[in-house]
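Student: Here you go, sequence then predicted model.
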Amino acid sequence: MFRSGEALFMGFVVRKEGQVRGWIDRCPHAGLPLAFPPDRYFTQEGDLLLCGSHGALFRPLDGLCVGGPCAGKRLLPWAVRVEDGDVVVA
Ligand code: FES
């Protein structure tokens, strides 16, 4: 759980193709966290992020939903960066 001003949110970080992205853990379909069970975000193939509630699929580097009930919408970004090999909140 993280804080931004007055807002509390859940976030997660993915590494893919040498790049790091942070996303707010809230599906644009119904507002639920993606991971089900907790901390399992990628599909078995490891190419897309999966929302465990209704099956939406997201590209991990730009957050675009490419399948499921919210196709065309995006995850909300969470600004992170890599600093000396560690992921830190930007
Ligand atoms: S809440 Fe994610 S697909 Fe419905």
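Tutor: Arrived safely, thanks for sending.

Student: Would you tell me which residues of the chain are close to the ligand?
Tutor: 27, 29-30, 32, 51, 53-56, 68-69 (C-beta under 6 Å from any ligand atom). (Each C-beta comes from the backbone N, C-alpha and C, glycine too.)

Student: Apart from its neighbours in sequence, what residue is nearest R74?
Tutor: G63 (4.4 Å; C-beta to C-beta, 6 or more residues apart in numbering).

Student: Same check on F58?
Tutor: L49 (4.2 Å).

Student: give me the beta-bridge partners of the one you found?
Tutor: Per DSSP bridges, the residues bridged to L49 are F42, F58.

Student: What are the neighbouring residues in contact with it?
Tutor: Each residue near L49 by C-beta atoms under 8 Å, 6 or more residues apart in numbering is listed here: 14, 23, 34, 41-43, 57-60, 75.

Student: most neighbours, which of these?
Tutor: Tallying neighbours with other C-beta atoms under 10 Å puts F58 at the head of the contacts of L49, with 28 neighbours.

Student: Now do the same contact list for it.
Tutor: Contacts of F58 by C-beta under 8 Å, 6+ apart are 34, 48-51, 64-66, 74-75.

Student: Just the buried ones from these, in ChimeraX syntax?
Tutor: Here is the ChimeraX command that selects only those of those that count as buried (16 or more other C-beta atoms under 10 Å):
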select :34,48,49,50,51,65,75
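
Student: can you redo the contacts of F58 as JSON lines with pLDDT?
Tutor: Shown next, in JSON lines, are the contacts of F58 (pLDDT from 0 to 100):
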{"residue": "L34", "pLDDT": "95"}
{"residue": "L48", "pLDDT": "98"}
{"residue": "L49", "pLDDT": "98"}
{"residue": "L50", "pLDDT": "97"}
{"residue": "C51", "pLDDT": "97"}
{"residue": "L64", "pLDDT": "98"}
{"residue": "C65", "pLDDT": "98"}
{"residue": "V66", "pLDDT": "98"}
{"residue": "R74", "pLDDT": "98"}
{"residue": "L75", "pLDDT": "98"}
